[in-house]
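**Q** I would like the atomic coordinates for the input below:
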Amino acid sequence: MLGWVITCHDEHAQQMADQLAVRFGPLAQCQVVNFWRGLSCNMLSRMLCDAQHQVDSGDGVIFLTDISGAAPYRAAALLSHKHENCEVISGISLPLLEMMYPLREMTDSSGFRDTIVARGAPDVSSLWHQQQKNPPFVLLHGLEKY
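**A** Next comes the predicted model:
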């Protein structure tokens, strides 16, 4: 089963998790990290790292964030590069998470990523999809002679 780390500004992550628990019961392999005003990015990163380790059963971890490019998204993006089968999704909403919850047991991390982005478009994106639009800079050595 894919682990979920829901991380949003203020209490939004906890509110979504609470509503999911009302509908689906106790949320296995799911952690919430609220990004409160005044919380340092270093502390946020540590909290996300702890949450990631708690939910990871080896099948993969999905970071679910509210705003692309905001602190929770950036911190999750940095953590995702250190682990295989880790995805970062932005633009989440409660209805979308309710729709996606059953897929945690049926798909791998990349399949989950593609499905949630397709179902949530145009508001939902992923780190992977953003990287496809803007591939990383590659320095090519030795192509020119001086």
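
**Q** my guess is Gln19 contacts Leu94, does it?
**A** Yes. Counting by Cβ atoms under 8 Å, Gln19 touches Leu94, with 5.6 Å between them. (C-beta placed from N, C-alpha, C; glycine too.)

**Q** so is the most centrally placed residue in the chain in a helix, a strand, or just coil?
**A** Centre of the chain computed as the mean C-alpha position; nearest residue by Cα atoms, centre = their mean is Phe63, 1.9 Å away. Three-state assignment for Phe63 (DSSP: H, G, I helix; E, B strand; the rest coil): strand.

**Q** pretty sure it contacts Ile89?
**A** Yes. Using Cβ under 8 Å, Phe63 is in contact with Ile89, at 6.8 Å.

**Q** dihedrals phi and psi, the residue nearest to Gln130 when sequence neighbours are not counted?
**A** Spatial nearest neighbour of Gln130, excluding adjacent residues (Cβ to Cβ, 6 or more residues apart in numbering): Ser68 at 7.3 Å. Ser68 adopts backbone torsions of phi -60, psi 130, taken as degrees, to the nearest 10.
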